[in-house]
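Asker: structure for this input, please:
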Amino acid sequence: MNNIAISVENLSKMYKLYSKPSDRLKETLGMKVNAREHYALNQVSFQVAKGETVGIIGTNGSGKSTILKIITGVLNPSGGGLTVNGRISALLELGAGFNMEYSGLENVYLNGTMIGFTREEIDAKMDAILSFADIGQFIHQPVKTYSSGMFVRLAFAVAINIEPEILIVDEALSVGDVFFQAKCYRKFEEFKKMGKTILFVSHDLGSISKYCDRVILLNQGNKLAEGEPKQMVDLYKKLLVGQDEENTPDTSKETGQELEIQAERIQHGERWRDVLVTNPELLEYGEKRAEIIDFAVLDEVGICTNTIEKGGRFTIKMKVEFHETVQEPIFAYTLKDLKGTEITGTNTMYESADVGPQENGDVREISFTQEMNLQGGEYLLSFGCTGYREGDFHVYHRLYDVCNITVVSVKNTVGFYDMNSEVVVE
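Answerer: Take a look at the predicted model:
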C-alpha cells in the first residue's frame with residue numbers, strides 16, 4: 001500500500017432526479033415522492049501507483065469529472081472507499097478559489113494559504129509563479145479587471161507551481177494561447193520526469209496516448225476496462241460508434257450488420273437523421289420553396305454516425321424536396337466550432353457541380369465526400385439550400401446546428417485543421 005498514491009474501491013455517486021422542484025422540498029419534509037436514482041458513478045474501482053501517469057477517458061456523462069471531484073474532495077461519494085497518499089494539486093475549475101476583488105498577487109497568497117503553505121513558503125515560489133503566468137504588472141491589479149486569458153494563466157501558474165505529489169488534470173492543458181499551451185505541456189512533461197503521480201482526464205486522445213502509462217475507460221458511470229493506452233483508445237473509438245468489444249470480434253462482420261440494420265430502419269420509414277444524435281433546438285428559416293427534409297453523416301464504410309476519425313474519408317448528405325420550380329439551387333453545408341465560429345464548408349456552386357433547374361415535387365440527394373482533417377474535438381453541422389432568382393439572392397431553407405460531429409484523433413496539431421506535414425530531420 002506504501003506504493004499506492006490513489007486507491008478507489010467500489011466508489012459510487014448517486015443523484016436523485018425529481019419530476020418537479022417541489023418534490024425535493026417535500027422529501028426533505030419527510031413526504032414520500034417519486035424520484036429516480038441516477039448513478040454518475042457505479043462501484044468504480046482502480047489504483048494509481050506513485051509516479052504513474054493514468055488517463056481517464058469516456059464519453060460525455062461517463063463520470064470522468066465526477067470521480068476527479070470526489071478524489072479532490074469537491075464532492076462526497078454516495079458509497080465506496082477512497083484513499084489518497086500525498087498532497088494534491090487539482091487543475092479542475094481553474095481559479096475557483098479566487099476573490100475577484102483582490103489583486104492577482106493577493107490571490108496567490110490566498111490560494112497558497114488555502115492549500116496549506118506558510119507565507120514564507122509562498123514567497124519562495126513567487127518568482128516561479130509570476131514567471132509562468134507572465135502577466136506583468138497586471139499582477140497588482142484586481143482580478144476582476146483581467147481578461148479571461150490572464151485569469152487562467154495566473155490560476156494555472158498557482159496550481160502547477162506548488163510542488164504537489166499528485167497532480168489531477170481535467171482538460172486544463174488547453175488554456176490560453178498556443179505558446180502558453182506549449183509551456184503547460186512542458187511543465188507536464190517535467191512533472192512526469194520528476195516521478196510525480198498524475199491523473200489525467202482529456203478528450204485529446206493524442207495526449208492520452210503520449211503521456212499515460214495506463215488508461216481507464218468509463219462508460220455511463222461504470223468502469224468498462226483499463227489497460228494500455230492504445231488498446232483503450234481503440235476501444236473508446238468503438239464505443240463512440242456504438243460497438244462493444246466483447247460482441248465485435250469480427251470488425252468486418254459487425255460493420256456489415258450495422259449497415260444492414262441502418263438500411264432496414266430507413267427502409268421502414270425512418271429518416272437518416274433518426275440514426276444520428278440531433279439538436280432538438282436547431283434554428284431553421286427560409287422561404288420553403290425548397291425544403292431540407294433529411295440529412296446524414298457517413299463514415300468511410302458508410303455507417304451513419306456522429307463520430308468521424310481524423311484522417312478518414314467521410315460523407316455529408318442532405319435530401320431536399322422542391323415545392324416550386326427553382327432554376328439553379330445551391331446546396332451547402334458548414335462546420336462550426338462550439339463557439340459558433342465557421343471553420344469550413346462548401347457548396348455546389350463553389351464545387352462547380354451541375355445542378356440544373358428543379359421542378360415542384362422533385363427530390364434530390366446531395367453528397368459531399370472529403371477527408372476529415374479537422375483537429376479532434378466537437379463541431380456543429382449546418383445545411384442550406386439557396387439560389388438566385390431574377391438577380392436576387394434567396395434563402396429557400398437553412399438548418400443551423402442540426403447535429404454535432406465528434407472528430408476522434410490520436411494526433412492534433414496547432415489550430416483548427418491539420419496540414420498533414422511530412423517531416424524530415426537530417
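
Asker: going forward, measure contacts between C-alpha atoms and count neighbours the same way
Answerer: OK.

Asker: so residue 151 belongs to a helix, correct?
Answerer: Yes: when the secondary structure is assigned by DSSP: H, G, I helix; E, B strand; the rest coil, residue 151 falls within a helix.

Asker: that one contacts residue 142, correct?
Answerer: No: contact criterion C-alpha atoms under 8 Å: residue 151 and residue 142 do not qualify, at 10.6 Å.

Asker: can you confirm residue 110 is in a strand?
Answerer: No: with three-state DSSP as the criterion, residue 110 is helix rather than part of a strand.

Asker: which residues touch the spatially closest residue to it that is not a sequence neighbour?
Answerer: Spatially, and ignoring its direct neighbours in sequence, residue 110 is nearest to residue 98 (7.8 Å; C-alpha to C-alpha, 6 or more residues apart in numbering). By C-alpha atoms under 8 Å, 6 or more residues apart in numbering, the residues touching residue 98 are 107, 110, 111.

Asker: neighbour-wise, which one of those leads?
Answerer: Compared across the contacts of residue 98, residue 107 has the highest neighbour count, 23 neighbours, by other C-alpha atoms under 10 Å.

Asker: quick one: pLDDT of it?
Answerer: Among the per-residue scores, residue 107 holds a pLDDT of 89.

Asker: so where does it fall, helix or strand?
Answerer: Of the helices and strands defined by DSSP states H and E, residue 107 is found in helix 104-115.

Asker: could you do residue 60 as well?
Answerer: When secondary structure is defined by DSSP H and E, residue 60 falls outside every helix and strand.

Asker: sorry, back to before: and residue 151 and residue 142? which has more neighbours close in?
Answerer: When residue 151 and residue 142 are compared on other C-alpha under 10 Å, the one with more neighbours turns out to be residue 151, at 20 against 17.

Asker: distance check, the more buried one against residue 103.
Answerer: When C-alpha to C-alpha, to the nearest Å is the yardstick, residue 151 and residue 103 sit 11 Å from each other.

Asker: can you give the domain ranges for the protein?
Answerer: 4-240, 268-408 (automatic domain parsing).

Asker: touching, residue 292 and residue 396? I think so.
Answerer: No: in terms of C-alpha under 8 Å, residue 292 does not count as a neighbour of residue 396; the distance is 9.1 Å.

Asker: what touches both of the two?
Answerer: 384, 385.

Asker: that older thread, turn the domains of the chain into TSV, columns for distance to residue 415.
Answerer: Compiled in TSV, these are given as follows (distance: least, C-alpha to C-alpha, whole Å):
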stretch	distance to residue 415
domain 4-240	8
domain 268-408	8
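
Asker: rank these by mean pLDDT and give me the bottom one.
Answerer: When the domains of the chain are compared on average pLDDT, domain 4-240 comes out lowest at a mean of 85.

Asker: if I look at residue 380, how far off is residue 71?
Answerer: From residue 380 over to residue 71 (counting by C-alpha to C-alpha), the distance is 33 Å.

Asker: can you confirm the residue nearest to residue 110 is in a strand?
Answerer: No: looking at residue 98 with three-state DSSP, it is coil, so not inside a strand.

Asker: contact partners of the host helix or strand of residue 6?
Answerer: Residue 6 is located in strand 4-18, with elements delineated by DSSP H and E. When contacts are taken as C-alpha under 8 Å, 6+ apart, the neighbours of strand 4-18 outside the stretch itself are 24, 34-50, 66, 76-86, 166, 197.

Asker: against residue 222, how distant is residue 63?
Answerer: Spatial separation of residue 63 from residue 222 under the definition C-alpha to C-alpha is 8 Å.

Asker: looking at those two, which is more packed in?
Answerer: Between residue 63 and residue 222, counted using other C-alpha under 10 Å, the more crowded position is residue 63 (26 against 20).

Asker: contact partners for the more buried one?
Answerer: Under the criterion of C-alpha under 8 Å, 6+ apart, the contact list for residue 63 reads 40, 41, 218, 219, 220, 221, 222.

Asker: now do 10 Å
Answerer: Residue 63 is in contact with 12-13, 39-42, 44, 56-57, 69, 218-223, counting by C-alpha atoms under 10 Å, 6 or more residues apart in numbering.
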